[in-house]
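Provide a 3D model corresponding to the input given below.
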Amino acid sequence: MFNKAKKWGLVSILYNLCEILENQDYRLFNRIVTDPEHCLNSILPAIRTCVFGTRDRGHPYELPCCKYNAYKQSFLNRCLFRYM
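This next block holds a predicted model:
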């Protein structure tokens, strides 16, 4: 759709939808993690208590066990696994 709009001269910039969605996911996940008053902060998993000298992650939360792809592709799980 964006390629046709650019070709027809309707837009001057060619947008990449995947990049836009990824940036918005990151911004929302960052807001959820950093703001304890955020309405979605309560659904974050528990914070890891035991760290056996492993490398740092982008967040302190436990990673859920995802057996099915649909569960892993939900917003919160996708962000937990992507921004580790």
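
any idea how far residue 14 is from residue 58?
30 Å (CB to CB, to the nearest Å). All C-beta spots, glycine's among them, are computed from the backbone N, C-alpha and C.

In terms of packing, which of the two has more residues around it?
residue 58 (14 against 10; other CB atoms under 10 Å).

Leaving out chain neighbours, which residue sits closest to that one?
Leaving aside its sequence neighbours, residue 58 sits nearest to residue 83 (CB to CB, 6 or more residues apart in numbering; 4.4 Å).

for residue 75, same thing?
residue 25 is the one closest to residue 75 (CB to CB, 6+ apart), at 7.1 Å.

wait, is residue 4 part of a helix?
Yes - counting by DSSP: H, G, I helix; E, B strand; the rest coil, residue 4 is part of a helix.

list the contacts for residue 32?
38, 40-41, 44 (CB atoms under 8 Å, 6 or more residues apart in numbering).
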